[in-house]
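Participant: With the sequence up front, the predicted model follows.
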Amino acid sequence: MTKLQSMRLELRNKYFSRPRYNRYLNATGNNNVRAKKLYNANIRLAQAFHPILSQFEVVLRNSLNIILSTYFADPDWIINQKTGFMRHPTLASSNYFLKGCIQKTEAKLSRRAIPVTSGKIISDQTLGFWLAFFLSHHYSLVGGQPIHIFAYKPTTENRASIYDKLDDIKNFRNRVNHCEPLCFNGHHIDCSLALDIRTKLYNLIKWIDPKMVPFFESIDNIQSKVTYIMTI
């Protein structure tokens, strides 16, 4: 090993951690060249997921905002319902999660001397906030409205099955954001989980509005990244 190679190895182990990188080495038969290619390709796969994950989150939150604005006949429902369904006694066990999220955003905006508006509060909420509307204790308090954003869903899909798919997408998004491996099944190079998430995301988009699919396809280069990984 040359001095330069030794220095690169030392830096890699110091800043990326040996256990993290060892998984790539194990999957490639301790071939340093292949392991490096696989590590970098995994980063590019994560990068490829960002556009469709972020745009799906925008579509989901805006769809829910539209339907709940109509349900409450109030474009500022997200502010006003802090003293409405969000304080219902049945939500005590969840520590009034929705209300707490909104109050946290309001406090942050106030600290920054930014006017508190419904638009700013909506855009600041996490994916977990919007998924919470598909949990039974919130879902029932808003008249089961969230399921109606999926106007084109199969009749076999219900609140619980939709929530499971959304939760899988949220957990995968967290893996992407934390730079975790997306290209393994056990010790083997395998992108089936990533492709399954991609399929679930497209299904949900189609169930909201099939006309949006071409837009998502236009920003999606996941398959090419998967194809490359499987050649390493």
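Facilitator: Here it is on my side, so go on. Numbers count the residues shown, from 1 in each chain.

Participant: mind checking the longest helix of this protein?
Facilitator: In the chain, taking DSSP state H as the definition, the longest helix is helix 32-72.

Participant: Give the next helix or strand downstream of that one.
Facilitator: helix 77-80 (DSSP states H and E).

Participant: Could you pull up the mean pLDDT of the strand or helix carrying residue 21?
Facilitator: Residue 21 belongs to helix 18-27 when assigned by DSSP H and E. Averaged across helix 18-27, the pLDDT comes to 85.

Participant: okay, it in PDB with CA atoms only?
Facilitator: What follows is helix 18-27, C-alpha atoms only, in PDB (Å, rounded to 0.1, in the frame of the first residue of the first chain):
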ATOM      1  CA  ARG A  18     -14.700   1.300  10.000                       C
ATOM      2  CA  PRO A  19     -18.000  -0.600  10.800                       C
ATOM      3  CA  ARG A  20     -19.900   1.500   8.200                       C
ATOM      4  CA  TYR A  21     -17.400   0.800   5.500                       C
ATOM      5  CA  ASN A  22     -16.800  -2.800   6.400                       C
ATOM      6  CA  ARG A  23     -20.300  -3.700   5.200                       C
ATOM      7  CA  TYR A  24     -19.400  -2.600   1.700                       C
ATOM      8  CA  LEU A  25     -16.100  -4.600   2.000                       C
ATOM      9  CA  ASN A  26     -17.900  -7.700   3.100                       C
ATOM     10  CA  ALA A  27     -20.400  -7.400   0.300                       C
END
